[in-house]
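Student: what follows is a protein structure lacking sequence information:
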DNA sequence: TATTGTTATACTCTATAACTATA
DNA sequence: TATAGTTATAGAGTATAACAATA
């Protein structure tokens, strides 16, 4: 009896070991595929950005400030999806590195506006160039048309009810 | 002098506040768009899966075991991208909840093979149904053709040098 | 009274080192 | 000696509560 049970298990285990993994359900899910693709690109990002000592969030902050000087921490917080307490710490570090400065907003002294320093601007330019290159590498299996189509479809998902397109 | 500086800042801040955010560089990056789309879908997932008390990883594990009974923890670990120590804890919890069982592999007693219990199978079926529904909701702005195209392009990024398609 | 930003802190996730049992 | 899995623990990332300054 125990033997028959065991024989069944042996067969089942051998069968399972010989089969390729069936991931069909997960692979049908948009969210799952987004995550897998993202996790494929991230290591490329991290490797190439080591020399700038920038994480993905740090890069997003610099790039956003480069394109939008003098925005408040509140707007930045929403845009990069980092809570105010965590953003404060992140900005402390970038400010210590001399990449940006906080200025008291003369129009509302509760808030602070942010600008890159000349050094921050230089670093951002280099980092943006590197990121654009690395993106092409990491998605080299796509044609330009496919890449454009992919970006368009992804944006449909999250841009349809945007908040800080204005705000 | 200080006044002229200040006047300049006032102007710059007013200007910045009046403008919509320029995110053009970030929006050109595939990785950034993948992440944003994923982060848009996640809250839908979490809300609908609360009643099953399943996180995304838990769901992936159940779904994978449902389609691949009797695989080893090692293969599962690679497939869900969770390190063995962390997977051990995750499996402890699912096993305590009576959703799966670990069996010593009779062919190699170092390893353990995993199977869902009847209860685990039932829960998985319900969860899979819910996830498929929620995915359609979260991506309702896409046509079926667009959704299929999106999935195809995302998979091109991460399926081109797969490991555990076999292994 | 409400808002911006900060400090302090807790919680979750992920990563690493050392151990056991088998091979 | 090498591998599967576990335990313990450290570190990073994220979330929450309470506070100061300003509106």
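Tutor: Yep, it's here. The structure displayed is predicted, hence computed values, not measured ones. Numbering: from 1, shown residues only, chains lettered A, B, ... in the order given.

Student: only C-alpha atoms for contact and neighbour calcs from this point on.
Tutor: Fine.

Student: need the residues of chain A near DNA strand D, please.
Tutor: With the criterion set to Cα under 7 Å from any atom of the strand, chain A comes near DNA strand D through A:55, A:82, A:83, A:85, A:86, A:106, A:107, A:108, A:109, A:110.

Student: now do 6 Å
Tutor: Residues of chain A found near DNA strand D (Cα under 6 Å from any atom of the strand) are A:83, A:85, A:86, A:108, A:109, A:110.

Student: middle-most residue in chain A, spatially?
Tutor: residue A:56 (5.6 Å; Cα atoms, centre = their mean).

Student: hmm, back to that, next step: the residues of chain A next to DNA strand D restricted to helices.
Tutor: Judged by DSSP state H, the residues of chain A next to DNA strand D include A:85, A:86 as members of helices.

Student: what's the most distant pair in the residues of chain A next to DNA strand D?
Tutor: Spanning the widest gap among these are A:86 and A:108, at 22.1 Å by Cα to Cα.

Student: compare the two (neighbour count), which wins?
Tutor: residue A:86 (11 against 8; other Cα atoms under 10 Å in any protein chain shown).

Student: quick check: pLDDT value at the more buried one.
Tutor: Looking at residue A:86, its pLDDT stands at 98.

Student: how about residue A:8?
Tutor: For residue A:8, pLDDT reads 89.

Student: just read off the phi/psi values of residue A:72.
Tutor: Main-chain dihedrals, residue A:72, degrees, to the nearest 10: phi -80, psi 160.

Student: how about it, nearest residue that isn't a chain neighbour?
Tutor: The spatial neighbour of residue A:72 that comes closest, neighbours along the chain excluded (Cα to Cα, 6 or more residues apart in numbering or on different chains), is residue A:113 at 4.3 Å.

Student: shouldn't that neighbour be within a strand?
Tutor: Yes: applying DSSP: H, G, I helix; E, B strand; the rest coil, one finds residue A:113 inside a strand.

Student: my read is that it contacts residue A:102, right?
Tutor: Yes: between residue A:113 and residue A:102 there is a contact at 5.8 Å, judged by Cα atoms under 8 Å.

Student: higher neighbour count, these two?
Tutor: Taking neighbours as other Cα under 10 Å, residue A:113 and residue A:102 compare with residue A:113 leading, 25 against 17.

Student: if anything else comes up later, I'll come back, but that's it for now.
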